[in-house]
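[1] Need coordinates for the following:
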Amino acid sequence: MSIDKFRLRILGFSGIVGALMLFAGDMLFYYDSAGTNLKLNMANASDYRIMANGILALLSTWFYLIGTGQVFYAFLPSSKTARNIVAVSFVFILIGYGIVHSAYIAIAATAKVALQNQLDIETATALASNVNHTIRLLIYPLFALLSFVFIRQVWKKKTFYPRWIILFFPLLPFLFKGLISKSLSGGIWIVISGGYLNLMLVVFFTASTIALWNCNPGQDKNCSGNIIN
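    I've put the predicted structure just below:
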């Protein structure tokens, strides 16, 4: 496998774009200057905002999947097993991101109907929320496996990544999500908490792109694009 510096950077930018697009979708669902009740904010969202989220879920997933190519490249020095675990886990998790985001459309639409008909929003959205939660539970074991293999391989210097990339891998911000959310309030709480999972990937793909920015595939022995084992 070979790739040039420009394409390697484009892969990283694709991941960043995917994360920013889905973050924008989060804000279309959640952001309302009038309050911080996320389900009520979704109930007040316009039909256009809800429909736009469906489109963003699809487009952002495509960009996310393109971005995983950069991670796959960075793991070329790893064993075939480790490389495939990381690549497949990333792909499955990011597909899950798109599906979970799409599932929120059902929550938003149900909340909107409940508000219009003066029904209890929590009761009306319970089924859609449970489906969303169940999908998330299926993703967590993959995330645990990915985290173990990714961190272990990077720490052992079996990838093209420097060790500092571990600080920007999604595991740490995921573990501190509750603590960070509790320290925020008002509009900034909506922005950070509402878009937290996608902001984690904005940070990761940005760090990944910076880490590999000066790689010269096929020329730099530390970033050779022709290593497959």
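[2] where does this protein have low pLDDT?
    Residue ranges of the chain with pLDDT under 70: 1-2, 218-222, 224-229.
[3] Give the next helix or strand downstream of the lengthiest helix in the chain.
    The single longest helix within the chain, with elements called by DSSP state H, is helix 80-116. Sequence-wise, the next helix or strand downstream of helix 80-116 (DSSP states H and E) is helix 121-124.
[4] If you count neighbours, what's buried in that next one?
    Residues of helix 121-124 classed as buried under the neighbour-count rule (16 or more other C-beta atoms under 10 Å) are Ile121, Ala124. Heads up, the C-betas are built off the backbone N, CA and C, glycines and all.
[5] Mind giving me the packing neighbours of it?
    Here helix 121-124 touches helix 38-44, helix 80-116, going by 3 or more C-beta pairs under 8 Å, 6 or more residues apart in numbering; DSSP states H and E.
[6] and of these, who's closest to Ile188?
    Closest approach to Ile188 among these (C-beta to C-beta): helix 38-44, 14.1 Å.
[7] ok, and what's touching the closest one?
    29-32, 34-35, 104, 107-108, 111-112, 114-115, 121-122, 125, 190, 194 (C-beta atoms under 8 Å, 6 or more residues apart in numbering).
[8] go on, stretch 83-99?
    With C-beta under 8 Å, 6+ apart, stretch 83-99 has contacts from 18, 22, 57-58, 60-61, 64-65, 67-68, 71-72, 75-76, 78, 135-136, 138-139, 142-143, 145-146, 149-150, 153, 197-198, 201.
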